[in-house]
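Chemist: Could you look at this predicted model? Sequence included:
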Amino acid sequence: EIRFSDVVDKKKIDKMITAKASDKQALTISVEETDSPTVFGFTIENVKKGNEDGTVDIEISGKPLGIDNVITKQVKIPAKDRFQYMNAHLITEPENGIQVMFSEPLATSQNLKGLIDVEGVKTTLQIQDNVVNVFFEPTRRGALKLNVYAGIQSASGKRLEGNESVIFSQEAEKPEVQLITKGTILPDSKKLIIPFRAVSLYAVDLSVVRIYENNVLSFLQINSLASSNELRRSGRLVYRKMLRLDEDPSKDITRWEDYSIDLSELIQQEPGAIYRVMLSFKQEYSAYPCGGEGLPVKPSEALLTRLTAVDEEDDSVWDVPQGYYNMEYEGYDWSEYDWDERDNPCESSYYMNSSRKVSCNLLATNLGVIVKRNTANKLWVAVSNILDTNPVEGVEVTAYNYQLQPIGVARTDNNGFAVIDAKGVP
């Protein structure tokens, strides 16, 4: 596959890739789109095996895109009557391990135990066509040695003639945090638990913005329940704290681990509000090894025990009379930022990228509402309890127009239903 930093026209990619066989004959390239607009796959068609080992030379030129760069790669094509080991590489999906590729499909009935191993590591082997997946639990070893022994059999009955050994230097996981929930509604205000996961981090920063209850309607004029446009018009930063991830001895911060935050105490202060929750991290929190093996020097206890509360500088940002404000872009220093280093965890630019921060909106409520409307602006409303799905009686439902003026009101019956004849467009 070929990856780009921005959206690219597929027609230009067709002109970028060329491939030639050992006899210098040009081969046909087929480019396929993927789910991502910046990632494309390509297939080299009609590659023929000969009586001797051959090669295919691939060239990717950036000229059609105005890029002064050329990438070349040579791929070995084994002879048609030979069964060979091709290559191996580390994988993380579907599980952690090493993927080993051969020149032909393998016999599925054979037992590969003792024929493929990783020294000092317990493995599980899986045959898939011409690939063997060697799965094992993540390890903090600096290097892994894969051994492939003669005797492995192909589906056509050929046997691997020689031994192969490959040493892999395991790359540490880059610092990252992910929210497991996408929001937006959290039932049961007694247990408002937000699950998240992180890797290669000693700590993360939690920031919470409250969109005040009396501002929720104005917020929803320009937002869905999940977005955060013009956040400063209707909300304000009310909570900020560092969360330690290295204090639980059962957690390995060099691997993906699950964590959680309890926001019940904070949200009970104003249960009708919407809360914008953001998790972020600084370079100082990184557990990624730079310039050597093993873990980096642990940050000082002074850094990891301080509470990053909302200070005067944080608070003053919310007094600026401008609607546009995006929390995800906090921390950019354009005098230090280097686009080429944006994916390098050993450089500060990695930590300035807004994609390193994750956010969601939360509304603590046990009520679920379904609304249907016809062309005459008549509304049918159903209200139920999210926890047990039972209908809720006696709920007052008010419809508003875009100018936030009430245009109809009704109360639910014992079936949780209400009908509103709205005097305007809701």
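Modeler: Good, I have the coordinates.

Chemist: a helix runs through Ser355, doesn't it?
Modeler: Yes. Counting by DSSP: H, G, I helix; E, B strand; the rest coil, Ser355 falls inside a helix.

Chemist: Count residues in the vicinity of it, would you?
Modeler: Using other Cβ atoms under 10 Å, the number of residues around Ser355 comes to 8. Heads up, the C-betas are built off the backbone N, CA and C, glycines and all.

Chemist: Against Arg342, how distant is it?
Modeler: Ser355 is 9 Å from Arg342, where distance means Cβ to Cβ, to the nearest Å.

Chemist: Spatially, what comes nearest to Gln153 if we skip its sequence neighbours?
Modeler: Leaving out its chain neighbours, the residue that sits closest to Gln153 by Cβ to Cβ, 6 or more residues apart in numbering is Ala107, at 4.6 Å.

Chemist: quick one: contacts for that neighbour?
Modeler: Residues near Ala107 by Cβ atoms under 8 Å, 6 or more residues apart in numbering: Gln153, Ser154, Ala155, Gly157.

Chemist: show me where pLDDT drops low in the chain?
Modeler: Residue ranges of the chain with pLDDT under 70: 140-142, 182-183, 188-190, 269, 291-311, 313, 323, 331-332.

Chemist: what's the first-to-last distance across stretch 80-90?
Modeler: Using Cα to Cα, to the nearest Å, one end of stretch 80-90 lies 27 Å from the other.

Chemist: typed the wrong thing, it's stretch 353-364
Modeler: Start and end residues of stretch 353-364 are separated by 30 Å (Cα to Cα).

Chemist: repeat for stretch 163-175
Modeler: End-to-end span of stretch 163-175 (Cα to Cα): 37 Å.

Chemist: ok, what's across the strand from Ile58?
Modeler: Following DSSP bridges, Ile58 is listed with bridge partners Ala19, Lys73.

Chemist: distance of it from Phe4?
Modeler: Ile58 sits 17 Å away from Phe4, going by Cβ to Cβ.

Chemist: Who has more neighbours out of these two?
Modeler: Per other Cβ under 10 Å, whichever of Ile58 and Phe4 has more neighbours is Ile58, with 18 against 15.

Chemist: In contact with that one, which residues?
Modeler: Contacts for Ile58 were tallied using Cβ under 8 Å, 6+ apart; they are Ile17, Thr18, Ala19, Ile44, Thr72, Lys73, Gln74, Val75.

Chemist: What's the PyMOL syntax to select whichever of the contacts of Ala107 are buried?
Modeler: To isolate the buried ones among these in PyMOL, judged by 16 or more other Cβ atoms under 10 Å, type:
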select buried, resi 153+154+155
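
Chemist: For the residue most central in space within the chain, list each beta-bridge partner.
Modeler: Centroid-nearest residue in the chain, with Cα atoms, centre = their mean: Gln178, separated by 6.7 Å. Taking DSSP bridges, one obtains Arg197 as the residues bridged to Gln178.

Chemist: if I read this right, it contacts Pro195, doesn't it?
Modeler: No. Counting by Cβ atoms under 8 Å, Gln178 stays clear of Pro195, with 9.8 Å between them.

Chemist: for the contacts of Ala107, which one is nearest Val397?
Modeler: Within the contacts of Ala107, the smallest distance to Val397 is 65.8 Å, found for Ala155 (Cβ to Cβ).

Chemist: How many neighbouring residues does the residue nearest to Lys251 when sequence neighbours are not counted have?
Modeler: Spatial nearest neighbour of Lys251, excluding adjacent residues (Cβ to Cβ, 6+ apart): Glu257 at 4.7 Å. Using other Cβ under 10 Å, the number of residues around Glu257 comes to 16.
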